[in-house]
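structure of the sequence below:
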Amino acid sequence: MKDGHQIQKVRLITSLVSFTIFAATLSVEAGVKLDTVYVPAYGEGTLNDAITAAINDGTISNKVFKLRSFERYVLTATITIPAGKRLTIVADEPVSTQASAPPQILWTAAAGVDKDYNFDCYGDIILKNVWLLYATTAGTQTWSSLRIRDSQDSINGQRATFEGVIFDYAGIGADGGGAVSITARHFRGKFTNCYFRNCTDPHWRYYGRAVSFPFMSSGWHNDSLTFVNCTFANIGYVIMQEGGEYSDYLFMNHCTFLNTVMFTLESGWWHWLSLTNSVFVNAFMYGDFPVFTIVTGEQPPGGTVCIDSVARFGFPVPFNDTQRHILFTNSSYSIQSWLREHMANADPIWYPDSTIPIDARKPHPQPMMNRRTLAFFDTVINGTKVFPYISRANLHDSTDPGYILPATNEAAIKRFLTMRWTTSEDTNWAFMPQASLSQTWPLPENLRVTNSVLRAAGIGGFPLGDLYHWDKPRYVAWKAQEASENDRILSWLRNGITGVVEKPDMPRQFALEQNYPNPFNPSTNIRFTIKNRAEGIPSGQFTILKVFDVLGREVATLVNEELKPGSYERVFDGSRFASGVYFYRLKSGSFTQTRTLVLTK
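Next up is the predicted model:
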């Protein structure tokens with residue numbers, strides 16, 4: 001007879017396997033071929049009409065609703081998915097042209113329309129390559145959520161798959177939830193290649209959330225949440241858990257977090273948590289006010305993950321501290337200098353006890369993790385880890401990733417934070433929301449990691465953070481080995497890390513990769529790898545990377561120096577050159593390789 005915790009482990013593993021099978025089933029269900037419905041975009045309510053017709057004739061679960069790229073589908077009412085049914089909406093995967101922009105689903109500007117929920121899901125939902133804009137056609141932000149409702153199916157629960165979805169300009173939601181609001185006892189959500197952008201609430205602007213239970217709710221539960229190659233930029237919280245509602249299993253791999261006002265991951269009630277290959281920048285921008293630690297004795301939560309003891313939960317759970325599985329590895333954390341300076345120059349908040357030092361009443365950057373969390377990771381007694389399945393390794397504290405173009409409006413964020421620290425007035429701090437409202441594609445920001453250390457700090461030597469959105473050439477290579485990487489991560493999560501997690505090996509061979517994008521206009525990225533001069537001895541190689549036209553004339557020198565072993569990337573700017581075929585050649589030591597690139601204007 002298995003004890004309660006073993007039964008819980010079996011249930012978790014079983015739910016993950018069944019969820020993977022569900023998420024992969026887009027074309028066939030119970031031997032029935034899915035019919036494609038091509039939804040027109042002219043006028044308002046066309047998506048409502050197409051889905052309502054399928055609900056009425058009982059075929060909704062057997063249909064895929066296909067939307068056209070660079071179109072707008074205007075909702076005239078909430079789309080409600082009946083219990084026991086499934087809604088599937090897809091579009092083509094976008095590339096780097098305006099015409100390929102994901103289709104937007106947004107609200108009519110008409111008055112008298114209930115806009116609380118864009119989708120109300122009593123059944124399951126699958127969305128792929130669509131852009132959910134939580135605003136009206138007039139550009140007014142709405143208090144909407146995509147709501148997951150409870151299911152009477154306690155075995156399978158409610159399930160949702162989001163792939164390539166942009167959740168844009170979402171506020172707190174009518175029920176106090178988030179972009180995705182969970183009101184289910186057994187929810188299983190899978191988010192792949194998704195982007196939560198500008199989730200800043202129109203009133204409580206630090207309350208925008210990615211996935212959240214409603215405010216002051218109780219009784220709801222996430223069986224599993226997975227996020228792979230997802231970005232969260234300008235958001236109040238990412239995951240919000242309060243009121244005794246928590247997630248049994250949270251898996252986050254290759255995620256990018258930028259400008260989070262409060263908790264990235266709230267609260268410290270984790271059962272199974274895996275957080276790997278991710279980048280945290282400006283997490284918990286509200287900061288730490290030491291006065292609260294002085295008065296209450298509570299530690300600051302930290303900017304990344306927080307772990308609290310089961311004894312402090314305040315509600316019963318079917319596990320104890322030694323039975324928890326938490327993995328935090330190959331990730332980085334940093335607070336940028338402009339934000340540190342803004343905190344240092346802030347006025348102290350008022351506090352009735354005049355003996356509290358002024359500095360304790362000013363905001364300070366949150367630590368990567370607090371002392372209680374570090375104790376869970378690191379406590380060893382008589383040579384034995386107290387919490388054998390809670391592990392951390394290869395973490396980089398205070399290392400700025402060097403984003404190419406951060407999605408950051410510094411002036412607006414400074415103004416917003418000053419108001420939050422003082423008057424609590426509201427001000428919009430979103431980054432270029434007009435780009436979303438005008439359906440600009442690609443979006444103007446670029447969160448690709450350029451820091452040379454972090455570009456090789458991931459498992460297998462890959463860059464940290466979201467590769468799908470910001471580093472497509474590396475994403476293609478990463479995708480080819482995703483299954484083996486997942487096996488490694490899950491082994492560490494189940495069994496704990498014993499010994500030292502390997503650092504990325506020194507490159508064993510040279511490589512010159514195909515430029516990306518190709519064809520391009522006006523610039524393209526060229527990635528290459530330099531190996532050791534001698535096996536096992538880190539030593540540099542004099543390296544030359546040049547670009548030539550079809551007549552063999554040199555047009556640009558991108559590298560002309562000694563480089564240490566590692567992976568590098570250079571940008572070729574073709575704005576001064578004519579359209580046509582060009583060649584780029586890498587020479588390092590005795591290695592020489594040439595590839596072709598195409599400039600199209």
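
contacts, neighbours, all on C-alpha from now
Will do.

just for this protein, where's the confidence low?
Confidence mapping of the chain against pLDDT under 70 gives the ranges 1-32, 154, 499-508, 532-539.

what residues sit buried inside stretch 594-601?
Residues of stretch 594-601 classed as buried under the neighbour-count rule (16 or more other CA atoms under 10 Å) are T596, L597, V598, L599.

quick one: the helices in this structure?
In the chain, the helices defined using DSSP state H lie at 4-24, 46-56, 290-296, 337-344, 371-378, 410-421, 433-437, 467-470, 472-480, 482-495.

need the winner for burial among those.
When the helices of the chain are scored by mean count of other CA atoms under 10 Å, the highest mean neighbour count falls to helix 467-470 (a mean of 22).

what count of nearby residues applies to Q366?
By other CA atoms under 10 Å, 22 other residues sit near Q366.

same deal with S590?
S590 is flanked by 6 other residues according to other CA under 10 Å.

now do D175
Considering only other CA under 10 Å, D175 is surrounded by 19 other residues.

correct me, but it touches M216?
No - taking contact to mean CA atoms under 8 Å, the distance of 9.4 Å between D175 and M216 leaves them out of contact.

picking up where we left off before, just put the helices of the chain in CSV and tack on distance to D35.
Rendered in CSV, the data for the helices of the chain read as follows (distance: least, CA to CA, whole Å):
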stretch, distance to D35
helix 4-24, 17
helix 46-56, 11
helix 290-296, 58
helix 337-344, 51
helix 371-378, 50
helix 410-421, 47
helix 433-437, 31
helix 467-470, 29
helix 472-480, 29
helix 482-495, 30
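
could you say which one of the ones you listed comes nearest to P565?
Across those, P565 has its closest neighbour in helix 472-480 (17.8 Å, CA to CA).

neighbours around N382, how many?
By the measure other CA under 10 Å, the count of residues near N382 is 6.

distance-wise, check it relative to K472.
Counting by CA to CA, to the nearest Å, the separation of N382 from K472 is 47 Å.

show the contacting residues for V228.
F191, T192, N193, F251, M252, N253, H254, C255, D466 (CA atoms under 8 Å, 6 or more residues apart in numbering).

what's the answer for A430, then?
Shown in contact with A430 (CA under 8 Å, 6+ apart): N198, C199, T200, N234, T408, N409, A412.

contacts only, for the third one.
T200 sits next to 169-172, 206-209, 234-236, 428-430 when contact means CA under 8 Å, 6+ apart.

between the helices of the chain, which one is closest to T140.
With CA to CA, the closest approach to T140 among the helices of the chain belongs to helix 433-437: 9.3 Å.

check the offset of that closest one from the chain's centre.
Centroid separation for helix 433-437 versus its chain: 20 Å, with CA atoms, centre = their mean, to the nearest Å.

pull the residues that contact it.
Here helix 433-437 makes contact (CA under 8 Å, 6+ apart) with L133, G139, D168, Y169, N198, L443, P444.

kindly recompute the last result at 10 Å.
With CA atoms under 10 Å, 6 or more residues apart in numbering as the test, helix 433-437 has contacts from 104, 106, 131, 133-141, 168-169, 197-198, 439-444.

before we move on, back to that, among the contacts of V228, which are located in strands?
Secondary structure defined by DSSP state E assigns F191, T192, F251, M252, N253 of the contacts of V228 to strands.

for N409, give me its contacts.
The contact partners of N409, by CA under 10 Å, 6+ apart, come to N234, N259, W429, A430, F431, M432.

buried subset of those?
N234, N259, W429, A430, F431.

of those residues, closest to D120?
For D120, the closest of these turns out to be N234, at 25.1 Å, with distances computed as CA to CA.

the closest one and W429 touch, don't they?
Yes - at 8.1 Å, N234 counts as touching W429 under the criterion of CA atoms under 10 Å.

who touches both of these two?
Overlap between the contact sets of N234 and W429, as judged by CA under 10 Å, 6+ apart, is given by N198, T200, Y206, T408, N409, I413.

so which of the residues you listed sit within strands?
N198.

got JSON lines for the shared contacts of N234 and W429, with distance to T329 too?
Written out in JSON lines, the entries for the shared contacts of N234 and W429 read as follows (distance: CA to CA, whole Å):
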{"residue": "N198", "distance to T329": "27"}
{"residue": "T200", "distance to T329": "29"}
{"residue": "Y206", "distance to T329": "28"}
{"residue": "T408", "distance to T329": "26"}
{"residue": "N409", "distance to T329": "30"}
{"residue": "I413", "distance to T329": "29"}
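
quick check: of the shared contacts of N234 and W429, which lies closest to K362?
Relative to K362, the closest of the shared contacts of N234 and W429 is I413; by CA to CA it sits at 17.0 Å.

quick one, domains of the chain?
The chain is divided into the following domains under automatic domain parsing: 4-391+405-495, 511-599.

and P214, how many neighbours does it have?
With neighbours defined by other CA under 10 Å, the count for P214 comes to 25.
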